[in-house]
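>>> got a predicted structure here, sequence first:
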Protein chains: 2
Amino acid sequence: MLQTALKLYESQGSPNSRRVRIFLAEKGINVELIPVDIATKAQFSAEYAAINPRNVVPTLILEDGTAIGEVPAIWRYLEEMYPEKPLLGTDAKHRAMVTMWERWAEQEGFAAAMEAARNWAPGLAGRALPGPHAYEQIPALVGRGEARLGHFYTDLNSRLETVAFVAGDRFSVADITAVVAIDFAVAALELDLPEDLPALRTWYATVSVRRSLSA
Amino acid sequence: MLQTALKLYESQGSPNSRRVRIFLAEKGINVELIPVDIATKAQFSAEYAAINPRNVVPTLILEDGTAIGEVPAIWRYLEEMYPEKPLLGTDAKHRAMVTMWERWAEQEGFAAAMEAARNWAPGLAGRALPGPHAYEQIPALVGRGEARLGHFYTDLNSRLETVAFVAGDRFSVADITAVVAIDFAVAALELDLPEDLPALRTWYATVSVRRSLSA
């Protein structure tokens, strides 16, 4: 494990925090984890808002106190400072492809699962979007989010019929976002992986046994 | 102008294409522009789907035929190959901050404007989300998108009371995304910048006179 002076405000129940914890575990980077209790809405405290004005986890704190929010920004900093075991790509073209496919997994999979869950969960009434502003739930977005996830599963299965990992022939952040989205959809929405998508199921089985996923 | 063998499939009417055209103009990079007529839904043709399976513009084509979709992926490739006049940041920490703030502008501003417009425009009935799959418009998202834009204007004004540009003291992709979002909101939704947000109006006036914005 590579010891660092970095700190990560995060929550065990936050899929975005999990995207960063898996990334850190894959690269063998140790940071101090500081739990933010989202069950009691601690991310809306004045103390945390001073660190992250969007009131979301995770946030990475550098040694000089700089606060970096947003998963892709945290990944980008960590990859540049700790380039071994690259997860964002290995050259300019590959980095562009990883960026493209990770974004695809986020928009079509991760965001769809979040949309369905946030517009359904009784505990998130009036908080249908993350951030400092209150938005009412829109019931039609539950079904739309679930429909989008169905397309995500089918489209990802087609993709994985031709490549071993989401962004090509090696494990990357695109796989992290996809597997975190699926695990969240299965746990929060009971949207299990369909039986008739064998390439997706094979990839999921392969990725799920990585030790980093329990981080 | 730096001549290249790159090609960009794009549309004059596409805000995402504009984000890339401004980036290219700022850096003085010349690429061949190939128009995709989104008015006649040419992005759904089999020919274009073979280039970009998400059926969206823009797509950057490299000399070896590699197709890079998604604005942040295109930016990342171009910045790495043509590092002069950096728009994604100047060191690891700055690159993380630009990534964070650009993402903030995209999620809170750009996505909000798109959400309002796509769920309102009669020509996009049944096409409320970009991509290959059909989704019905949800009328409640028009008002929500407009409310989100209102918060974006107010929050961006607060930010610009302390810094000259969205991500700090120099122009970056965060400014590109913010100004493209605002111009689209003004043109498509008639959501003019409020009079009582002077820092936002000053920044907008400063950024709007850049020659790259007419690209």
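Right, received. Where do you want to start?

>>> test my guess that residue A:20 contacts residue A:57.
No: under the criterion of Cβ atoms under 8 Å, residue A:20 is not in contact with residue A:57, lying 9.1 Å apart. The C-beta positions use only the backbone N, C-alpha and C, and glycine is treated the same way.

>>> Three-state assignment for residue A:54, please.
Put simply, residue A:54 is coil when judged by DSSP: H, G, I helix; E, B strand; the rest coil.

>>> contacting residues for it?
By Cβ atoms under 8 Å, 6 or more residues apart in numbering or on different chains, the contact set of residue A:54 is A:69, A:130-132, B:104.

>>> one step back: shared neighbours, residue A:20 and residue A:57?
With Cβ under 8 Å, 6+ apart, residue A:20 and residue A:57 have common neighbours residue A:10.

>>> follow-up on the earlier one: okay if I get the contacts of residue A:54 as CSV plus distance to residue B:173, pLDDT and neighbour count?
Formatted as CSV, those follow (distance: Cβ to Cβ, whole Å; pLDDT from 0 to 100; neighbours: other Cβ atoms under 10 Å in any protein chain shown):
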residue, distance to residue B:173, pLDDT, neighbour count
A:69, 17, 98, 25
A:130, 22, 94, 18
A:131, 21, 92, 17
A:132, 23, 93, 13
B:104, 12, 97, 25
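
>>> hang on, residue A:32 in a helix?
No: counting by three-state DSSP, residue A:32 is located in no helix; its state is strand.

>>> where's it relative to residue A:7, distance?
5 Å (Cβ to Cβ, to the nearest Å).

>>> which of those two has more residues huddled nearby?
The residue with more neighbours, out of residue A:32 and residue A:7, is residue A:7; 18 against 12, by other Cβ atoms under 10 Å in any protein chain shown.

>>> any idea how far the closest residue in space to residue A:194 that isn't next to it in sequence lies from residue A:199?
The shortest distance from residue A:194 to any non-neighbouring residue, by Cβ to Cβ, 6 or more residues apart in numbering or on different chains, is to residue A:153 (6.1 Å). Residue A:153 sits 11 Å away from residue A:199, going by Cβ to Cβ.

>>> measure stretch A:109-125 end to end?
Using Cα to Cα, to the nearest Å, the end-to-end distance of stretch A:109-125 comes to 22 Å.

>>> contacting residues for residue A:168?
A:94, A:97-98, A:101.

>>> got the domain ranges for chain A?
Domain segmentation of chain A under automatic domain parsing yields A:2-81, A:92-214.

>>> so residue A:3, which of the three states?
Classification of residue A:3 using three-state DSSP returns strand.

>>> bridged to it, which residues?
residue A:30 (DSSP bridges).

>>> was I right to think it contacts residue A:30?
Yes: with contact defined as Cβ under 8 Å, residue A:3 counts as touching residue A:30 (5.2 Å).

>>> against chain B, how distant is the spatially closest residue to residue A:42 that is not a sequence neighbour?
Once flanking residues are discounted, residue A:42 sits nearest to residue A:36: 5.2 Å by Cβ to Cβ, 6+ apart. Note on residue A:36: its distance to chain B, by Cβ to the nearest Cβ, to the nearest Å, is 18 Å.

>>> residue A:36 against residue A:11, yeah?
Yes: the criterion here is Cβ under 8 Å, and residue A:36 meets it with residue A:11 at 5.1 Å.

>>> for chain A, which segments count as strands?
Assigned by DSSP state E, the strands in chain A fall at A:2-10, A:29-35, A:59-61, A:67-69.

>>> got the buried residues for the first one?
Of all the residues in strand A:2-10, those buried under the rule 16 or more other Cβ atoms under 10 Å in any protein chain shown are A:4, A:6-10.
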